[in-house]
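Engineer: Quick one, what's the 3D model for this:
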Amino acid sequence: MWQALSTPPRTAMTDALVAFGGNVGDARATLDRALQSFCDGTDVRLLARSADYRTPPWGVEDQAPFINLCVKIATVLSPRTLLDRAHAVERSLGRDRAREVRWGPRTVDIDLLTYDMLTLNDADLVLPHPRLLQRAFVLVPLAEIAPEQMIDGITVRNALARLDTTGIERLPPRP
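Structural biologist: Next up is the predicted model:
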């Protein structure tokens with residue numbers, strides 16, 4: 001008897017933009033580890049990565065500067081599952097969201113910025129990220145990898161042009 005052998009269909013990949021930041025310990029090394037854990041090459045594939053940027057703290061200003069970067073990924077994960085993955089990576093690198101000061105120091109922060117062109121407004125996940133267009137520390141690295149990306153009717157490049165980028169410094173590659 002003949003039996004067809006087939007591979008189950010692979011779910012289509014969706015592009016997403018994700019921000020990484022941190023300012024505790026060796027932030028650049030921590031962000032490298034976070035990115036390696038987050039992007040497994042199968043469910044989450046890295047398409048583009050910005051340089052690292054040293055940025056002034058935002059929200060709570062009496063703390064060390066942050067290191068920030070942005071990535072473009074392709075994923076088969078749903079937005080909710082992708083957020084769960086981000087939180088799992090944060091926890092694995094020492095972040096405890098329940099005990100930290102909002103906008104205070106942290107080992108790593110992973111924010112979903114966009115997920116394709118999806119608009120979502122749930123209690124714990126809003127897409128596009130609700131403060132994305134107000135944050136130069138996100139838009140500077142994002143403009144490096146996706147300057148023409150439209151978010152809420154404006155390109156990343158044009159949204160960045162509206163903001164003060166004083167104190168944001170592109171860092172050289174790590175040795």
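Engineer: those helices in this protein, which residues are they?
Structural biologist: Along the chain, counting by DSSP state H, helices occupy 27-38, 79-92, 136-145, 156-161.
Engineer: looking at the ones you listed, which is buried most?
Structural biologist: Neighbour counts (mean count of other C-beta atoms under 10 Å) averaged over each of the helices of the chain peak at helix 136-145, with a mean of 24. C-betas here are computed from N, CA, C, even on glycine.
Engineer: roughly how far is the helix or strand bottoming out on mean pLDDT in the chain from the heart of the chain?
Structural biologist: Least confident helix or strand of the chain, by mean pLDDT, DSSP states H and E, is strand 120-121 with a mean of 91. Put simply, strand 120-121 sits 17 Å off its chain's centre (C-alpha atoms, centre = their mean, to the nearest Å).
Engineer: who touches it?
Structural biologist: Residues outside strand 120-121 that contact it (C-beta atoms under 8 Å, 6 or more residues apart in numbering) are P79, V126, L127.
Engineer: okay, those residues in TSV with pLDDT and distance to G94 next?
Structural biologist: Shown next, in TSV, are the contacts of strand 120-121 (pLDDT from 0 to 100; distance: C-beta to C-beta, whole Å):
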residue	pLDDT	distance to G94
P79	96	25
V126	92	25
L127	94	26
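Engineer: Turn these into TSV, columns for distance to L69.
Structural biologist: Converted to TSV, these look like this (distance: C-beta to C-beta, whole Å):
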residue	distance to L69
P79	21
V126	21
L127	20
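Engineer: in the sheet, who's paired with L127?
Structural biologist: L120 (DSSP bridges).
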